[in-house]
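Visitor: 3D, please:
(2 chains)
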There are 2 protein chains.
Amino acid sequence: MALNYPNFSFDIHHQDEKSGARLGTLKTPHGSIETPNYIFCGTKAAIKALSPAQMVEAKTDIILSNTYHLMLQPGADLIEKMGGLHKFMGWDGPMLTDSGGFQVFSLGEGTMANEIKGKNKGHENKNLMKITEEGCVFKSYVDGSKIKLTPESSMEIQRKLGADLLMQFDECTPYHVDKEYTARSMEMSIRWGDRCLVEFERHDNGAQGLYGIVQGGVYSDLRRYSAEVIKDRPFFGTAVGGCLGGSEEEMELVVAESLPYAHPDRPVHFLGIGQIKDVFKFVRMGVDTFDCVIPTRLARHGTALMKGQKGETINLTNAKYREDKTPLDEANGVAASTEYSKAYIHHLFKAGEILGMQILAQHNVATINRLMREVRAAIKAGELDQLEKEWLPS
Amino acid sequence: MALNYPNFSFDIHHQDEKSGARLGTLKTPHGSIETPNYIFCGTKAAIKALSPAQMVEAKTDIILSNTYHLMLQPGADLIEKMGGLHKFMGWDGPMLTDSGGFQVFSLGEGTMANEIKGKNKGHENKNLMKITEEGCVFKSYVDGSKIKLTPESSMEIQRKLGADLLMQFDECTPYHVDKEYTARSMEMSIRWGDRCLVEFERHDNGAQGLYGIVQGGVYSDLRRYSAEVIKDRPFFGTAVGGCLGGSEEEMELVVAESLPYAHPDRPVHFLGIGQIKDVFKFVRMGVDTFDCVIPTRLARHGTALMKGQKGETINLTNAKYREDKTPLDEANGVAASTEYSKAYIHHLFKAGEILGMQILAQHNVATINRLMREVRAAIKAGELDQLEKEWLPS
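Guide: Here you go, the predicted structure:
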């Protein structure tokens, strides 16, 4: 295959023997980012409650959008017609899209949280209608229509959306399924990945880079096998996927059993994971980028991500903040963190003013971006353990 | 009385013989504004969906907050403790508070729109429990508790809130009541205004300026009488109040019968009115400032205020904007108006993304501020008729 991603590169310029973490520069046609880094979710071509300018104010380097949501509304053809996702939503930096698979297989609108928490106890996804070798058929949550998604159509849609970094189409196996199902599913995902590569190459013009996804559930041998196959394929990057287990230990195992067998020179993305503690844990295993909805989702519930806070967060709707004149964090370098008292934000949530969500969303994004800057500096200085204690006091 | 408002002034520096409009400078302890101008509603100590910085970006000069809402949540004492409204919400410019009367008398949370549209057909306000010479008792929409509001307590609350421009407490008579009720109510509002002046002076430290309110419903002789009494009292400014009639003609009559008898040298505020056509109509009658919730309320429903649009607005949820690549208005000088296509905003509303409201709110505020700048320039140049045709083509 001739895939060589001429407009992309990933340079690892520091590898910390002690911690296992690495520093890199990931170059895309829309600019370069330093890694480790965090990719913020703009699910429906919008970061919830923040404009692109406010994301830049919060020092954001890279965002993502979800293929599943955008193919249903407004549709990939419309976005292509409008000049692609970057232009459509006014984001000029690097951008990633997922394949649509995660949402189709494990969700149905609104149940994502349960799935991530491992609370989906069976095949209760009412929207998923059929999975075959060809792909899957599901029901649109927008208008109930029947929609087919295949490796080829996922590539086509992602090409039209026009993000820099794309994901192969895979079956995202639920957490609770047995090894036999997981193995069959993983094999199919590998075949789907190969079909993605063929389809991707047919239209490749150097504007996009494709990631393969390591699957295999919580089974070590399957993870290893999947990682080794993905490594041999001409993907630009490696993603660690799967509806991850309920426990932190299993999540750790999944990464620990996948990454040693992944391509050592490719950027590694951990799909859908990104609490502060996860960042510290998984950069040590070689993860380069994270993504998670929590920075903006927590904001909508009045919760602020905080450096130096046990449990990572505080909830501003708590009565104890009613008369608290202090700002969220003087050191975050963005008005949302420095210009409003906790008392005012508490009031905004009590009063049902959406400005409260807007302030917390920007604060949370700024906090995570600061976390990543400090993580990179600490990796360089060999002080990751110390930084972790500052962020997450025991 | 010794009230002389040493830190306030209103200088009328141009009076257009032809149109009747005037240009002034209204000075407050938090800065000066040029008039005619528009006061944006930050009802609960927040402009809906916009931060103070975004209001400044949209070239906003002055905002208001509502005493009724703030006395219930978070309470005037809390805001005083936090350093006053300016500091609490992070707005450093001129600010106005109303007296609480309008909401208590004519509303009950949620029915404001009906009242303004003249659709409240009777005394159906379930929250208002009693009106006496002393004041009124109403039920809190926050927790159902019984709350008393009097001229004295309205002054005390507004003093604690700490805005620059205050309103006297008045009974805001519903549109449908007869002349006898309206006359008795107006007389009581005059007595309440006098009590406000006494209470205001007791604590006056030069930081605030008090407006008297002309009442009298749709009855010309009552309006004239009220205006003449208010003129004789030591108020800083004159407000035109009352739950205004359903028809534009009656609204016009109310102002036409009030203002010729009002103090000629004081700033005139028209309470709660502010469509684009109202601005053109009432600046010609000598109104200096307007306030209305429509710029941000329309935004929440997908509606953009537009220069040169018949009917003043367009609704972005309309399917005809689905593929419209043009921005809202290149000339508004704010990213909300220039950086997003109508197609993108249409998508945001379809997708239920609150960023859509945020964009339209800032666009609408910027549009109104631009309207006011252009109105001032046109008054100076004697070209108000021409400008009106540009904004409101027939």
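Visitor: what comes up buried for the top helix by length along chain A?
Guide: As assigned by DSSP state H, the longest helix anywhere in chain A is helix A:355-381. Under the neighbour-count criterion of 16 or more other C-beta atoms under 10 Å in any protein chain shown, helix A:355-381 has A:355-372, A:374-376, A:378-379 buried. For glycine as for every other residue, the C-beta is placed from the backbone atoms N, C-alpha and C.
Visitor: from the residues you listed, which are also near chain B?
Guide: A:355, A:357-359 (C-beta under 8 Å from any C-beta of the partner chain).
Visitor: which one among those gets closest to B:Pro234?
Guide: Among those, A:Leu355 lies closest to B:Pro234 (C-beta to C-beta), at 37.1 Å.
Visitor: show me what contacts that closest one?
Guide: Applying C-beta atoms under 8 Å, 6 or more residues apart in numbering or on different chains, we find A:Leu355 in contact with A:348, B:46-51.
Visitor: one more time with 10 Å
Guide: By C-beta atoms under 10 Å, 6 or more residues apart in numbering or on different chains, A:Leu355 lies in contact with A:49, A:340, A:344-345, A:348-349, B:42, B:44-52, B:54, B:89, B:358.
Visitor: Nearest residue to the middle of chain A?
Guide: Most central in chain A under C-alpha atoms, centre = their mean is A:Asp291, positioned 2.4 Å from the mean C-alpha point.
Visitor: host element of that one?
Guide: If you go by DSSP states H and E, A:Asp291 is part of strand A:289-292.
Visitor: Output that strand in CSV with nothing but the alpha carbons.
Guide: C-alpha atoms of strand A:289-292 as CSV (Å, rounded to 0.1, in the frame of the first residue of the first chain):
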residue,chain,number,x,y,z
THR,A,289,-3.7,11.8,23.3
PHE,A,290,-6.9,11.5,25.3
ASP,A,291,-10.5,12.5,24.7
CYS,A,292,-13.5,12.6,27.0
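Visitor: was I right about the residue nearest to the centre of chain A contacting A:His269?
Guide: Yes: taking C-beta atoms under 10 Å as the definition, A:Asp291 is a contact partner of A:His269 at 7.2 Å.
Visitor: who touches both of these two?
Guide: With contacts taken as C-beta under 10 Å, 6+ apart, the residues that reach both A:Asp291 and A:His269 are A:37, A:39, A:64, A:96, A:98, A:239.
Visitor: now the angle from the longest helix of chain A to helix B:355-381?
Guide: 110 degrees (axes from the mean of the first three to the mean of the last three C-alpha atoms, to 10 degrees).
Visitor: I'd like the average pLDDT over helix A:355-381.
Guide: What helix A:355-381 shows for mean pLDDT is 98.
Visitor: Kindly report the same for stretch A:138-154.
Guide: 91.
Visitor: same check, this time on stretch A:63-74
Guide: pLDDT averaged over stretch A:63-74 gives 96.
Visitor: go on, stretch A:384-394?
Guide: The model assigns stretch A:384-394 a mean pLDDT of 97.
Visitor: and what of stretch A:219-230?
Guide: Regarding stretch A:219-230, the rounded mean pLDDT is 96.
Visitor: neighbouring contacts of it?
Guide: By C-beta under 10 Å, 6+ apart, stretch A:219-230 touches A:168, A:170, A:173, A:178-179, A:182-183, A:185-187, A:189-190, A:193-194, A:211-217, A:237-242, A:253-263, A:266.
Visitor: 8 Å instead?
Guide: A:179, A:182-183, A:186, A:189-190, A:193, A:212-217, A:238, A:253-254, A:257-263.
Visitor: still on that earlier bit, give me the sheet partners of the strand holding A:Asp291 and which way each runs.
Guide: strand A:37-41 (parallel), strand A:268-270 (parallel) (DSSP bridges).
Visitor: Please pull up the helix or strand immediately following the first one.
Guide: The helix or strand immediately downstream of strand A:37-41 is helix A:52-57, counting by DSSP H and E.
Visitor: Buried residues, that following helix. List them.
Guide: Within helix A:52-57, the residues that qualify as buried by neighbour count (16+ other C-beta under 10 Å) are A:52, A:54-55, A:57.
Visitor: next one: stretch A:264-271
Guide: A:266-271.
Visitor: who are the neighbours in contact with A:Leu166?
Guide: A:Leu166 is in contact with A:96-97, A:99, A:155, A:158-159, A:200, A:208-211, counting by C-beta under 8 Å, 6+ apart.
Visitor: Find the helix or strand that the closest residue to it other than its chain neighbours is a member of.
Guide: Closest residue to A:Leu166 apart from its sequence neighbours, by C-beta to C-beta, 6 or more residues apart in numbering or on different chains: A:Gln158 at 4.5 Å. Using DSSP H and E, A:Gln158 maps to helix A:151-161.
Visitor: For the helix or strand following that helix, give the mean pLDDT please.
Guide: Note on helix A:151-161: by DSSP H and E, the next helix or strand toward the C-terminus is strand A:165-167. In this model, strand A:165-167 has a mean pLDDT of 98.
Visitor: Mind giving me the packing neighbours of the next helix or strand after strand A:165-167?
Guide: Next in sequence after strand A:165-167, counting helices and strands by DSSP H and E, comes helix A:179-203. Under the contact definition 3 or more C-beta pairs under 8 Å, 6 or more residues apart in numbering or on different chains; DSSP states H and E, helix A:179-203 sits against helix A:151-161, strand A:209-214, helix A:220-232.
Visitor: Report the angle between helix A:179-203 and strand A:209-214.
Guide: Using the same axes, to 10 degrees: helix A:179-203 against strand A:209-214 is 170 degrees.
Visitor: Give the buried residues for helix A:179-203.
Guide: In helix A:179-203, counting by 16+ other C-beta under 10 Å, buried: A:182-183, A:185-190, A:192-197, A:199-200.
Visitor: for chain A, what helix or strand is lowest in average pLDDT?
Guide: Least confident helix or strand of chain A, by mean pLDDT, DSSP states H and E, is helix A:112-116 with a mean of 39.
Visitor: avg pLDDT for the helix or strand that it is followed by?
Guide: Remark: after helix A:112-116, the chain's next helix or strand is strand A:128-131, criterion DSSP H and E. For strand A:128-131, mean pLDDT is 82.
Visitor: can you check stretch A:267-278 too?
Guide: 96.
Visitor: now do stretch A:322-329
Guide: Rounded mean pLDDT across stretch A:322-329 is 98.
Visitor: Between the two ends of that stretch, what distance do you get?
Guide: 17 Å (C-alpha to C-alpha, to the nearest Å).
Visitor: residues of that stretch that come out buried?
Guide: For stretch A:322-329, by 16+ other C-beta under 10 Å, it's A:322, A:324, A:327-329.
Visitor: what sits against A:Met71?
Guide: Counting by C-beta under 8 Å, 6+ apart, A:Met71 has contacts A:100, A:147, A:149, A:157.
Visitor: can I get these in JSON lines with secondary structure, neighbour count and distance to chain B?
Guide: Formatted as JSON lines, the contacts of A:Met71 follow (DSSP: H, G, I helix; E, B strand; the rest coil; neighbours: other C-beta atoms under 10 Å in any protein chain shown; distance: C-beta to the nearest C-beta, whole Å):
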{"residue": "A:Gly100", "secondary structure": "coil", "neighbour count": "25", "distance to chain B": "16"}
{"residue": "A:Ile147", "secondary structure": "strand", "neighbour count": "19", "distance to chain B": "17"}
{"residue": "A:Leu149", "secondary structure": "strand", "neighbour count": "23", "distance to chain B": "19"}
{"residue": "A:Ile157", "secondary structure": "helix", "neighbour count": "24", "distance to chain B": "16"}
